[in-house]
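Novice: I'd like to go over a predicted model; first the sequence, then the structure.
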Amino acid sequence: MHFSRGKVLTIIGVCLFGLLACLPNFLSQSTLDKWPSFLPHSKITLGLDLQGGAHVLAGMDVDELRRDWLEKTRDAARAAMIKEQLTLAGLPAIAQGGVMVRLGKPEQLDAAYKALRALAQPISGADLIGSSALDFDVTREGTDAVLLKPTAPGMQARVTSAIGSAVEIVRNRCDPGGNKEMVIQRQGSDRILLQAPGVEDVKVIEECFKVAKMTFHLVHPTIGAEEARTGRPPTGYKILPSRDGGEELIESRSSVTGEQLVDAQPGFDQRTNEPIVSFRFNQAGAKIFGKLSSENTGRRFAVVLDDKVITAPRINEPILGGTGQITGNFTVAEANSLATNLRSGALPAKLTIIEQRVVGASLGADSITAGQRASIIGAIAVVVFMTFAYGLFGVFAVIAVALNVLLIVAVMSLIGSTLTLPGIAGIVLTIGMAVDANVLIYERMREELRNGKSTIAALDAGFDRAFSTIVDANLTTLIAGIVMFWLGSGPIRGFAVTLSLGIVTTVFTAFTVTRLLVAWWLSRQKDRKVATPISFSPARPS
Amino acid sequence: MFKGIDFFPHGTKWDVVGKRFWFVGLSWVLALIAGGLLMTRGLNYGVDFKGGALIEVQQKAGDLDVGLLRDKLNKLGLGDVQVQSVGKGSEALIRVGQQVDEKAQAAATDKVRAALGDGFTIRRTEVVGPAVSAELKRTSIIAVIVSLFGIFLYVWFRFEWQFAVAAIIALIHDVFITAGMFSALWIEFDLSVVAALLTLAGYSINDTVVVFDRIRENLRKFKKMPLIDLMNLAINETLSRTVLTSTVTFLAVLALYLFGTEVIHGFSFAMLFGILIGSYSSIFVAASMLLAFGVKRDGWTGEKVAAGIAASGKKS
């Protein structure tokens, strides 16, 4: 039962610091601003299930990414063959999971192989895997063909970089100011996790997940979409649905793309007062656009967004300034989000929401109330029960348990952890389990007393014997807690955090706080039939 | 020094291990029933594992007519739409089954929202696609296995392998029967229930370790006492602690069950039941399992028993 002064001060210090670290949670922001800077400021973040908000997990369409890549590779292969003056037997085809290049002259196989092989790029960060890792395999197929096939690491690298840029793009779209406290991050290899506090309408987020790939295509001068559908569309043209429900027959090749945009702003048409999006091309884009419009004055050209024709106006005069505007029967909100999406650039591929959990602020508030009520009632039950069972020592246990909760809150505030509803459940559970450590110690003391030991020996034995049991029992629970943290997500993680912290603080308080209180009690006993003098001597009022 | 009421009588002499046939038999019966239920009836998986949508709504004015709402939503052609009244009279949970793909799922949720109209507040929406639900299922199974294995390793490290095997059997017993209870009462089984099962595993092993710890201590103390008596002694010595702790934890979790929201109902139920079954297995089953696997007594003889420990009157 010996406590040196230093130990006593340390224990009291830890508890006081815990109290201090808890305080910001109960203060208003204005009070906190006046708080001296050396004191802890951080508060516990409330999880989305408590403050309301949306948790959205979106998956990237990897197939689309692959298709896109293959199309680019096909164009590059064709260009390389032409550059090396090699003869092609038709357009390279996308087949066998890669790009198949058929040669017109089999004797050129080696030359073609060499030319195509040069297209394969080393994978970025390949030094880790070995310098030979290329993003696609180039193999000879028979005597007259070469196959370019993406390698698994090559595809992986593509997906990784696509997700990386998608995270940035989505952030720019959803939270351009960075002040909405949104969490936007990569999850796994091909997913994006977005957590938006206070957002109850997922539509807003869905809007950010649109690809927003804008291209400009000339419309066929004479043949309409319906006519093309009955016969065969002319080569180089394709049919796309338009926003107003119709269809358009447009050139497959895009004249200008959204990549050449430098700015897009929502606005209103000066004459009709209709919401519009005005845009500006960069120099190269402006040049192409100028040339296109002067050569094709009188023809219609289609503005295509994500494979849908938004509008297909007639080119009345050459557009040379590199600026333009899109009218497409937008609502104000649509014009706003389209402008934002265009400004932030197109996503590498479509993002599909595969999991969404939205909690309304009212339910969140109810959950907090319910959690508080359950904690308070649980705590009262524990206090009453322990006091009945152990009298003053029960009160000691209650003090220890209260400090426990305090320390959990303190640590969570300091590390900026998130409190979720299951997290509150973890705290309630800790209240119950923290008592266990004390019960183990006290029951052991009672037993030793019954066996005829002196008070002090019984107290000592109680702490000593119970120690290994308490550590064993709590470490096994900690294993479950760590696994939950490791594998769980969101709310489960919140539970794992409070449960694990609770275990650590339980062991701490049981062997410091309870012990200190018991020692203090012992030192105040008038009946000192105890053999060992107690060296515990904190300054106290007599 | 303890002025409190001694809730639990001391010096009990329950012959738990001697009557192990009955207790282990009861456990077998329970486990078989649970197994039968899990195999024939299965679990009432929530959206986390089944996929689909869960929408919690509150009618803005007046009490909610569940039947009316059900009829309205079932006309949308989204397959079976379940409507369940929860909480106060104005709230309901709407469950829409898994649609063909993520896109259809989003469309289905939009349809339900539109059908609800302005008369309702949407309090919570959870939509889980097929890929994610399959993943969550797999992750949960891995989590349970890894936890059990981790606990097994720890107990093995701290005790002998017999203790570890007996402890893990008691643990699987608890988790299995609790899962059976979820099947029997057809309570929704979601991610938070898995968290509760893991916690229950931690809690139950806690109890078992306390008993085993005492058995180990007694093995050192009473070299010649028959194993059955020795285990009975350990169980009886720790009985008051097990009962007290379980009661307190039970009370705390009961508050959570009674006053918590719909969201943690399944979780707190699993914990409540788990505390009961966990205490039962620690007292009545774990030691018998240990006996079945046998304990090497010589393993402990090497250690000197600390002098001055008064034996608790049952020296052999």
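Specialist: That came through, no problem. Numbers count the residues shown, from 1 in each chain, chains lettered A, B, ... in the order given.

Novice: any weak-confidence spans in the stretch 1-150 of chain B?
Specialist: Within the stretch 1-150 of chain B, the segments meeting pLDDT under 70 span B:1-7.

Novice: swap the cut-off to 90 and go again
Specialist: Along the stretch 1-150 of chain B, segments meeting pLDDT under 90 span B:1-22, B:24, B:46-48, B:50-52, B:57-93, B:97-123, B:129-137, B:139-145, B:147-148.

Novice: try the stretch 251-400 of chain A
Specialist: In the stretch 251-400 of chain A, residues with pLDDT under 90: A:251-354, A:356, A:361-394, A:396-397, A:400.

Novice: and it, which residues reach chain B?
Specialist: Listed as neighbours of chain B in the stretch 251-400 of chain A under the rule C-beta under 8 Å from any C-beta of the partner chain: A:352-360, A:362-363, A:366-367, A:370-371, A:373-375, A:377-379, A:381-382, A:385-394. All C-beta spots, glycine's among them, are computed from the backbone N, C-alpha and C.

Novice: go again using 7 Å as the cut-off
Specialist: Proximity of the stretch 251-400 of chain A to chain B is confined to A:352-360, A:362-363, A:366-367, A:370, A:373-374, A:377-378, A:381-382, A:385, A:388-394 under the rule C-beta under 7 Å from any C-beta of the partner chain.

Novice: Filter the residues you listed down to just the buried residues.
Specialist: Buried members of those, counted by 16 or more other C-beta atoms under 10 Å in any protein chain shown: A:352-360, A:363, A:366-367, A:370, A:374, A:377-378, A:381-382, A:385, A:389-390, A:393-394.

Novice: Those in helices, which ones?
Specialist: Within these, residues falling in helices by DSSP state H are A:363, A:366-367, A:370, A:374, A:377-378, A:381-382, A:385, A:389-390, A:393-394.

Novice: Give me the distance from stretch B:155-162 to the chain's centre.
Specialist: Centre-to-centre, stretch B:155-162 and its host chain are 23 Å apart (C-alpha atoms, centre = their mean, to the nearest Å).

Novice: Pull that stretch out as CSV, backbone CA atoms only.
Specialist: Listed next in CSV are the C-alpha coordinates belonging to stretch B:155-162 (Å, rounded to 0.1, in the frame of the first residue of the first chain):
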residue,chain,number,x,y,z
VAL,B,155,-4.8,-17.8,-23.6
TRP,B,156,-2.4,-20.4,-24.9
PHE,B,157,0.5,-18.1,-24.3
ARG,B,158,-0.6,-17.3,-20.7
PHE,B,159,-1.9,-20.8,-19.8
GLU,B,160,-1.5,-24.3,-21.3
TRP,B,161,-3.0,-25.4,-24.5
GLN,B,162,-5.8,-27.2,-22.7
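
Novice: which residues touch it?
Specialist: With contacts defined as C-beta atoms under 7 Å, 6 or more residues apart in numbering or on different chains, stretch B:155-162 is touched by A:472, B:163-164, B:167, B:209, B:212, B:216, B:290, B:293-296, B:299.

Novice: same thing but at 10 Å, please
Specialist: Identification of contacts with stretch B:155-162 by C-beta atoms under 10 Å, 6 or more residues apart in numbering or on different chains yields A:468, A:471-472, A:475-476, A:479, B:152, B:163-168, B:171, B:205, B:208-209, B:212-213, B:215-216, B:289-296, B:299-300.

Novice: List the buried residues of it.
Specialist: Buried residues in stretch B:155-162, counted by 16+ other C-beta under 10 Å: B:Val155, B:Trp156, B:Arg158, B:Phe159, B:Glu160, B:Gln162.

Novice: mind listing which of those are in strands?
Specialist: Among these, no member falls in strands (DSSP state E).

Novice: Show me those that map onto helices.
Specialist: Short answer: the buried residues of stretch B:155-162 in helices (DSSP H) are B:Val155, B:Trp156, B:Arg158, B:Gln162.

Novice: Of those residues, which is the nearest to chain A?
Specialist: Proximity of these to chain A, judged by C-beta to the nearest C-beta, is greatest for B:Arg158, which lies at 5.7 Å.

Novice: Helices of the stretch 51-200 of chain A, start to end?
Specialist: For the stretch 51-200 of chain A, the helices defined by DSSP state H, counting those that start in this stretch occupy A:62-83, A:109-117, A:152-174.

Novice: Indicate which one of the ones you listed is closest to chain B.
Specialist: Closest to chain B of the helices of the stretch 51-200 of chain A is helix A:62-83 (C-beta to the nearest C-beta; 11.7 Å).

Novice: what does the average pLDDT come to for the closest one?
Specialist: Averaged across helix A:62-83, pLDDT comes to 87.
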